[in-house]
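K.L.:
Give me a 3D structure for the following:
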Amino acid sequence: MSLYPQMIIRPEKIVENTLKVMSWLKPHHIDICGVTKVTCAHPAVVQGLLDAGIREIGDSRIENLKRIRPLVGPDYPLMLLRLPMLSEAEETVIHSDLCLVSEKSTIQALSKAAGKQGRDYQVILMVDMGDLREGVWEDQVADLAAFTVKIKNLRLRGVGTNLACYSGAEPTWETMEAFGKLGLEIAGQFKIENPVFSGGNSSCLPLLRQRGMPAGVNHFRLGESLLLGVNVLDRTRLADLDEGGFELKVEIIEIQRKPSVPTGSIAQNAFGEKPQFTDRGVHSRAILAIGRQDIQIRGLTPLMPGVEVLGASSDHLIVDVESVAHKLKVGDTLSFRPSYAGLLAACTSEYVKKTVAEE
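P.N.:
Sure thing, here's the model as predicted:
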């Protein structure tokens, strides 16, 4: 079995980041749901969150929740983050304890599934505060809540929102204040005990660090900040978090000196694109054994000075190594820090080996 490409996981970095973020949120009485979806709920990532003291884990896929359950035990709360499909209502109720919802038909399906299982199931109503992904508009929440509290076998836990995922709509004080106020109104109107006002994801942390968080917001669903240590609004390092939780190591399969501009006229490449090239003369170029089938190319930051990512086909990554200080050869490996998109693709690819670094 080949060793590469290999995604190296450093759980101690995840623990350190999580503990720091928890210390930021504690004065504001905000709880964390640790999100594992970007790594397909890798056991080392799950364990890192548990070791840091995370008391709830969420994922977007039932398959991942199934993998998590044996690691956390039967009584540990698991949240399904993606709105459940009607066709998976029964599995949702079996493998999670609560989920996010926005459609009455889904609520009815969950109620029926919970009745079959002889249990009560919990739901959080999603509100669209401007990102234009999931959720009803603010003026529709009360109607959806009134509908939900009348449904058998379901317990309304609160409301949630999501920002800076699809459209990149940034959480502002005004947006979060409106969300918190709405949550408090819904909780009061429908007498929700211990309500959850899930104010979003890692995109909320810069605002919290700068100004705090408006009244009401008491819950975040966090993944990227804990795992990668970045400010998700601009992908710079967030405060003193550690960006070294993951490292992609890839083997060199060719090194040649070649022109920097192709020969002849340029048509579309294999992905329907027409690349643009800058003539920099003849340079040393390395081909690595990974490609677009495994990784998001723009999501790779070389860890060796002098390496520059040029592009990729489905299974070849081309990098410029002209400025590398020492001589590279076939069989050597190069390492990269993955972005969220890069980590997501690599962890999903069965061709990328996942290993846990020894402390």
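
K.L.:
alpha carbons only for contacts and neighbour counts from here, please
P.N.:
Noted.

K.L.:
for the nearest residue to residue 358 once chain neighbours are set aside, what are its contacts?
P.N.:
Distances taken as Cα to Cα, 6 or more residues apart in numbering place residue 10 nearest to residue 358, at 7.9 Å, with adjacent residues excluded. Residues in contact with residue 10 (Cα atoms under 8 Å, 6 or more residues apart in numbering) are 244-246, 356-359.

K.L.:
again with residue 131
P.N.:
By Cα under 8 Å, 6+ apart, the contact list for residue 131 reads 162-169.

K.L.:
what do you get for residue 95?
P.N.:
Residue 95 makes contacts with 62, 65-66, 69, 78, as judged by Cα under 8 Å, 6+ apart.

K.L.:
mind listing which of those residues are in strands?
P.N.:
Cross-referencing the contacts of residue 95 against strands under DSSP state E gives residue 78.

K.L.:
Three-state assignment for the residue nearest the centre of the chain, please.
P.N.:
Most central in the chain under Cα atoms, centre = their mean is residue 38, positioned 4.4 Å from the mean C-alpha point. Following DSSP: H, G, I helix; E, B strand; the rest coil, the label given to residue 38 is helix.

K.L.:
Secondary structure element holding the nearest residue to it once chain neighbours are set aside?
P.N.:
Leaving out its chain neighbours, the residue that sits closest to residue 38 by Cα to Cα, 6+ apart is residue 344, at 4.7 Å. Using DSSP states H and E, residue 344 sits within helix 340-348.

K.L.:
Quick one: mean pLDDT over that helix.
P.N.:
Mean pLDDT, helix 340-348: 97.

K.L.:
re the thing from before, export the contacts of residue 95 to JSON lines and append columns for neighbour count and distance to residue 179.
P.N.:
Putting the contacts of residue 95 into JSON lines (neighbours: other Cα atoms under 10 Å; distance: Cα to Cα, whole Å) gives the following:
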{"residue": "62", "neighbour count": "20", "distance to residue 179": "28"}
{"residue": "65", "neighbour count": "23", "distance to residue 179": "28"}
{"residue": "66", "neighbour count": "16", "distance to residue 179": "32"}
{"residue": "69", "neighbour count": "17", "distance to residue 179": "31"}
{"residue": "78", "neighbour count": "24", "distance to residue 179": "24"}
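
K.L.:
For residue 319, see how far away residue 234 is.
P.N.:
For residue 234, the distance to residue 319 equals 25 Å [Cα to Cα, to the nearest Å].

K.L.:
for residue 269, same thing?
P.N.:
Note on residue 269: its distance to residue 319, by Cα to Cα, is 17 Å.

K.L.:
Check residue 349 too.
P.N.:
From residue 349 across to residue 319, the span is 21 Å (Cα to Cα).

K.L.:
before we move on, the earlier item: neighbour count winner among residue 234 and residue 319?
P.N.:
Counted by other Cα atoms under 10 Å, residue 234 and residue 319 do not tie: residue 319 has more neighbours, with 21 against 9.
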